[in-house]
Each structure stands twice: as structure tokens, then as C-alpha cells.
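Colleague: What shape does this take:
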Amino acid sequence: MAAENSTGALFRVLRSNEQSRVTSVELFFDLVFVYAVTQISHFLLSRFTPVGAVQTGLLFLAVWWVWVYTAWVTNWLDPAKAPVRLLLFGMMLAGLVLSMAMPRAFDDRGLWFASAYAAMQVGRTLFWALATPAPRRSARANAIRILCWLSTSAIFWLLGAFAHGDQRLLLWGVAIAIEYVSPSVRFWIPGLGASTMEDWTVDGGHIAERCAGFILIALGETIVMTGATFADIDWTEASVAAFFCAFVGCVSMWGIYFNRGAEAGSELISRSSESGRIARSAYTYLHMPIVAGIILTAVSDEIVLKHPTGHSDLNTVATTIGGPFVFLLGTILFKREIRGILQLSHGVALIALIGLGWFAPGLSPLALSALTSALLAIVAVWETLSLRSKPEPHASATSA
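Modeller: Next up, the predicted model:
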């Protein structure tokens with residue numbers, strides 16, 4: 001798709017056996033999402049109710065979707081070109097507005113949030129469609145299909161901005177549902193039909209590196225949140241222990257994702273003839289629970305740091321167990337997609353976390369955090385030792 005640069009000056013040139021580099025402007029664009037992820041964590045902490053949890057989930061889905069769509073488009077368009085860079089700078093400005101409006105998105109800044117989000121989704125896709133020359137019929141048709149779906153969802157985003165309370169949540173829920181359903185029906189629209197997998201050929205190594213970068217954004221937000229919280233509280237034995245547990249948990253999540261998992265995914269998608277299918281399932285969808293689990297763990301770390309003693313309440317249990325559980329669920333599904341097996345270490349830890357939930361209310365937040373961090377560390381070490389003694393699963397159907 002992007003290889004025919006002679007008919008599309010703004011498109012990347014793909015060369016055989018050569019991965020496109022992630023450019024500095026793409027990394028610069030990602031900085032906005034460090035702030036966005038932090039805002040999601042703070043939003044949940046400020047509205048820790050069932051309705052607040054649903055609202056947080058919707059905001060997370062929106063942030064992830066606008067980022068991952070941009071990663072797809074910059075996989076095809078070349079950020080080294082001035083017009084594409086200007087697009088990304090405009091997206092950064094809108095992303096800052098989106099992030100700043102997030103804490104009051106369901107209050108008095110709904111229109112700011114919805115307008116920024118719709119502008120990012122529709123504006124980027126319109127740019128892509130206009131940048132695609134007429135000879136590239138399939139690429140242009142693909143851009144038009146997506147533009148139609150995102151324009152439809154934008155209507156509900158804006159309608160929700162003028163609504164209030166549960167009605168806003170409902171309309172925005174419809175909007176995000178439209179966007180998440182559209183890839184599964186291959187963006188079918190009357191007249192143009194549905195896209196094919198050939199329309200979604202990507203530079204696999206580039207998309208894998210981009211998504212790995214977002215995992216680092218989420219882990220970085222965890223470190224910043226932990227450090228900022230710990231700096232503002234009294235340094236007692238309990239709080240120091242909680243800080244240590246948070247650090248061990250963060251390092252363990254890094255090890256679980258990046259220890260051969262990210263590398264294997266990059267290698268698989270780079271050599272696959274179905275790079276679009278793998279990018280859609282393994283990176284577009286299955287990375288969501290990985291990132292969500294890291295964010296939940298960051299929320300848990302702040303709660304435990306501030307209140308390490310006493311009994312664990314429902315919010316503490318939900319985040320301290322739920323964060324690692326959702327993270328491990330995402331990683332086991334991701335590695336199943338790229339390795340063809342279910343990781344035994346991950347499965348055992350998931351079962352252990354379910355069992356721990358039974359006893360969690362009787363434990364202190366610090367004890368609960370220590371146990372979940374230990375489980376994550378065990379998974380990281382178990383997988384490391386197992387993979388050292390066995391060949392890659394695509395060569396042998398072994399598990400870790």
C-alpha cells in the first residue's frame with residue numbers, strides 16, 4: 001500500500017526486509033497521551049463509584065481509540081513530510097484540549113471534550129482521504145469508509161455534549177460503540193461495501209513498536225503517580241513498604257510485557273502476510289486490557305500509599321486485584337495471538353488472583369499490594385526461566 005510512493009507523495013516508502021522507524025514527531029505526539037493517561041487515573045480516583053467507573057471506562061476507550069487510529073494512519077503516511085507533521089501538531093493541540101477537559105467532561109466541559117475528540121477523529125481521517133491520490137482507489141475507498149463511520153459517531157459525541165447526566169453517558173456510549181464495532185464489520189457502507197484484509201496491510205514492526213511505546217507511557221504514568229504521591233506523604237515504615245511494592249509491581253509488568261512478548265509480536269507481524277489482521281486483533285484490541293490494567297494498578301498504588309493499614313475496602317480490592325488481573329488477561333490473550341499458546345504462568349496467576357479476592361477484605365491494603373506484586377514478580381521470573389530453556393513457541397508448541 002505505502003510502497004507505491006510515486007502515486008502518493010505523503011505516504012511512507014516500504015522496502016523489503018526493512019522496518020520503518022518510529023519518528024521523533026510521533027514520539028513528540030505521544031507526550032500528550034502521558035497527560036491523558038494521568039487524567040484518566042485522577043478521574044477514577046475522584047469518582048470512585050459504579051457510575052464513575054463506567055465514565056472512566058468510556059474516557060479510556062476514547063483516548064485509546066484516538067491514539068491507535070493515529071498510529072495506523074502514521075503507519076501509512078510519512079511523518080517526515082511537512083503536511084503530516086502539521087497534522088500531528090494539530091492533533092496534539094486538540095489532544096491537550098481533550099485531556100484538560102477530561103476531569104469535567106461529564107459536567108460543564110462536555111462540549112470541549114466532545115468537540116476535541118470528534119475533531120481529532122474526523123479531521124485526521126479527512127486529511128488521510130485527501131492525501132490519498134485517485135490512483136490508489138482501495139486506499140481512498142478505505143479512508144472514505146472510515147470517515148463515514150467516524151462522522152456518524154461524531155454526531156452522537158456532539159449530541160451528548162448538549163445533554164446532561166445519564167443521557168450524556170448514553171449518547172457517548174452509542175458513539176464509542178459505533179467506533180468499536182466498525183472494524184469488525186470492516187467499515188461497510190452502502191455503495192463502497194466493506195474493506196478487505198489487503199486494504200489493511202501495515203508495516204508490522206512499526207505498529208508493534210508504536211503500541212509498545214504506549215505501554216511505556218502507561219508504565220511511566222504509574223511511576224510518576226507513585227513518586228508524586230510518595231513525595232507528599234509521611235515516610236513511615238508502612239508507606240515505604242507500599243512504595244517498594246508499587247515499584248516491584250511496575251517492574252514486573254514491564255518484564256511480563258517486554259520479556260520476549262513484545263519482541264515476538266514484532267517479529268511475527270513483520271513477516272506475516274496478514275499483518276492487517278494481526279495488527280487489528282493483537283495490537284488494536286488486545287492491547288486495551290493491558291493498558292487498562294496498568295492504569296488500574298497506578299490507581300491502586302496511590303490508594304495503598306495513602307492508606308496502607310487497616311482493612312481493604314471495595315475500591316482498594318477492586319484496583320489492587322483488578323489491575324493485575326486485567327493486565328495479565330490482556331497479556332495472555334496477546335501472547336496467545338502471537339505465539340499460538342496460552343502462557344501457563346499467566347493462567348496460574350489469574351486463578352491465584354481470583355482466589356485472593358476471597359480473602360482480600362480481611363487483609364490490609366499493604367498486605368494485599370505485597371501479594372499482588374509478588375504474584376506479578378513470580379510470573380515475570382517464571383516466564384523468563386521457561387523461555388530461556390525452550391525454543392520459541394512458533395518452532396515448538398511449548399508454554400511458559
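Colleague: Hmm, T331 is touching I290, no?
Modeller: Yes: T331 is in contact with I290 according to CB atoms under 8 Å; the separation is 5.8 Å. C-beta coordinates here come from the backbone N, C-alpha and C atoms, glycine included.
Colleague: what residues do the two have in common as contacts?
Modeller: Y257 (CB atoms under 8 Å, 6 or more residues apart in numbering).
Colleague: Please name the nearest non-neighbouring residue to E337.
Modeller: A282 (4.3 Å; CB to CB, 6 or more residues apart in numbering).
Colleague: confidence score at that neighbour?
Modeller: pLDDT for A282: 81.
Colleague: That one contacts F334, doesn't it?
Modeller: Yes: contact criterion CB under 8 Å: A282 and F334 qualify, at 5.7 Å.
Colleague: Low-confidence ranges, the stretch 201-350 of the chain, go.
Modeller: Along the stretch 201-350 of the chain, the model assigns pLDDT under 70 to residues 260-276.
Colleague: Okay, strands next: where are they in it?
Modeller: Here the stretch 201-350 of the chain has no strands by DSSP state E, counting those that start in this stretch.
Colleague: those helices in it, which residues are they?
Modeller: Per DSSP state H, counting those that start in this stretch, the stretch 201-350 of the chain carries helices over the ranges 204-231, 237-258, 261-271, 275-278, 287-306, 314-339, 344-359.
Colleague: With respect to V97, which of the ones you listed lies nearest?
Modeller: Evaluated with CB to CB, the helices of the stretch 201-350 of the chain place helix 204-231 nearest to V97, the distance being 18.8 Å.
Colleague: by how many degrees do the closest one and helix 287-306 diverge?
Modeller: Interaxial angle of helix 204-231 relative to helix 287-306 (axes from the mean of the first three to the mean of the last three CA atoms, to 10 degrees): 10 degrees.
Colleague: Specify the angle between helix 204-231 and helix 314-339 in degrees.
Modeller: Going by the same axes, to 10 degrees, helix 204-231 makes 160 degrees with helix 314-339.
Colleague: picking up where we left off before, what's the local residue count around the residue nearest to E337?
Modeller: 23 (other CB atoms under 10 Å).
Colleague: for the one 3 residues further on, same thing?
Modeller: Y285 has 19 neighbouring residues, counting by other CB under 10 Å.
Colleague: Any figure for the gap between it and L61?
Modeller: As judged by CB to CB, to the nearest Å, Y285 and L61 stand 11 Å apart.
Colleague: on that earlier part again, with distance to Q55 as added columns, please give the helices of the stretch 201-350 of the chain in JSON lines.
Modeller: Below are these laid out as JSON lines (distance: least, CB to CB, whole Å):
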{"stretch": "helix 204-231", "distance to Q55": "19"}
{"stretch": "helix 237-258", "distance to Q55": "25"}
{"stretch": "helix 261-271", "distance to Q55": "31"}
{"stretch": "helix 275-278", "distance to Q55": "32"}
{"stretch": "helix 287-306", "distance to Q55": "14"}
{"stretch": "helix 314-339", "distance to Q55": "15"}
{"stretch": "helix 344-359", "distance to Q55": "24"}
